[in-house]
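Asker: I would like to see how this sequence folds:
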Amino acid sequence: MEHLLRDGREQFLDPEFCKKLARAFNSSKGRTGKPAVKWTEVQNWFQNNQQQQTDLPKDAPAEPVTKGPPVSEAVEDSKMPKDKKDSDRRKLEFEAQSASDGAWYDIEEFMGHRFLDSGDAEVRVRYVGFGPDEDEWVNVMKAVRIRSITLEDSECHKVKVGDIALCFQERKDIARYFEAEIIEIQRRVHDMRGCRCLFTIRYTHDNMEEKVRLRRLCFRPNILAGSQETVKK
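Answerer: Just a heads-up that it's a prediction; the model follows:
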């Protein structure tokens with residue numbers, strides 16, 4: 001699945017998105033003492049998507065992709081659903097898909113960036129809850145996006161069949177966020193515990209199905225915009 005392209009090419013042209021990404025590049029340790037990357041350069045690269053911009057300096061030569069986050073308690077600490085609602089978590093702006101396990105992790109910091117001979121841009125990211133040994137090079141177009149969000153119990157009506165979400169999957173000692181499609185929704189009356197609706201999801205990486213509560217799901221930010229457009233109509 002082409003994650004960023006599926007979310008909408010208009011995101012690439014959004015000045016605010018490009019400014020945030022440019023700030024992330026410029027604040028990375030690998031760019032100390034180097035010319036600042038302009039947000040317009042980031043936007044132009046997305047528009048062209050063919051060759052690297054000549055005015056963007058390269059970082060170090062390409063190196064093998066490092067090992068992704070191991071399956072450990074650190075994953076649970078950094079990815080438990082309750083943490084998604086903490087104020088500190090909401091300050092995080094981006095998430096990335098690890099090449100090692102296909103799961104999505106919140107980005108703590110952009111450590112650097114580079115352009116490959118193919119013209120593809122990659123960023124080196126550090127995931128929340130992990131150290132330098134788990135830093136990883138990921139493709140900007142395919143594996144980096146604005147972080148997913150949780151919904152309040154009162155917002156469950158915004159979820160529709162066919163929506164793509166991140167679902168917190170627990171398998172013995174494994175606890176990670178994987179992408180999944182909402183394939184069925186059982187609407188239920190809420191009570192003092194909050195939303196009691198059941199969402200049947202199908203994981204995109206293994207096609208397994210599961211019934212989950214809203215608290216285990218995170219959604220693309222455009223789910224809010226889509227809901228507002230529906231109301232206006």
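Asker: Show me the chain divided up by domain.
Answerer: Per automatic domain parsing, the structural domains of the chain span 3-146, 153-232.
Asker: Can you tell me which of the ones you listed has the worst average pLDDT?
Answerer: If the domains of the chain are sorted by mean pLDDT, domain 3-146 sits at the bottom with a mean of 66.
Asker: pretty sure residue 147 contacts residue 96?
Answerer: No - judged on C-beta atoms under 8 Å, residue 147 makes no contact with residue 96 at a distance of 9.5 Å. Just so you know, the C-beta spots here come from the backbone N, C-alpha and C atoms, and that holds for glycine as well.
Asker: What separation do you get for the residue lying closest to residue 149 once chain neighbours are set aside and residue 144?
Answerer: Nearest residue to residue 149, sequence neighbours excluded (C-beta to C-beta, 6 or more residues apart in numbering): residue 221, at 5.6 Å. The gap separating residue 221 from residue 144 is 14 Å, by C-beta to C-beta, to the nearest Å.
Asker: Helices along the protein, start to end?
Answerer: Ranges of helices within the chain are 3-7, 10-13, 15-27, 39-48, 73-79, 81-84, 87-90, 140-143, 222-232, based on DSSP state H.
Asker: ok, which stretches of the protein are strands?
Answerer: Taking DSSP state E as the criterion, the chain contains strands spanning 94-97, 104-115, 121-127, 136-139, 144-146, 164-171, 174-186, 198-203, 209-212, 217-219.
Asker: possible to save those strands as TSV with mean neighbour count?
Answerer: Shown next, in TSV, are the strands of the chain (neighbours: other C-beta atoms under 10 Å):
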stretch	mean neighbour count
strand 94-97	22
strand 104-115	20
strand 121-127	23
strand 136-139	20
strand 144-146	21
strand 164-171	18
strand 174-186	18
strand 198-203	18
strand 209-212	14
strand 217-219	22
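Asker: Quick check: neighbours shared by residue 147 and residue 96?
Answerer: Common neighbours of residue 147 and residue 96 (criterion: C-beta atoms under 8 Å, 6 or more residues apart in numbering): residue 107.
Asker: Looks like the residue nearest to residue 149 contacts residue 151 (just checking).
Answerer: No - proximity of residue 221 to residue 151 does not meet the contact threshold set by C-beta under 8 Å, at 10.9 Å.
Asker: Tell me which of those two has more neighbours.
Answerer: Using other C-beta atoms under 10 Å as the criterion, residue 221 and residue 151 rank with residue 151 on top: 20 against 14.
Asker: Surely the more buried one is in contact with residue 216?
Answerer: No - assessed by C-beta under 8 Å, residue 151 is found out of contact with residue 216, at 11.4 Å.
Asker: that older thread, output the strands of the chain in TSV, with distance to residue 17 appended to each entry.
Answerer: Output for those, formatted as TSV (distance: least, C-beta to C-beta, whole Å):
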stretch	distance to residue 17
strand 94-97	10
strand 104-115	14
strand 121-127	14
strand 136-139	17
strand 144-146	7
strand 164-171	19
strand 174-186	20
strand 198-203	27
strand 209-212	29
strand 217-219	17
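Asker: Who does the closest residue in space to residue 104 that isn't next to it in sequence form a beta bridge with?
Answerer: Closest residue to residue 104 apart from its sequence neighbours, by C-beta to C-beta, 6+ apart: residue 177 at 4.8 Å. In this entry, residue 177 is beta-bridged to residue 104, residue 168, by DSSP bridges.
Asker: quick one, what contacts residue 177?
Answerer: Residue 177 touches 79, 103-105, 148, 166-169, 218, counting by C-beta under 8 Å, 6+ apart.
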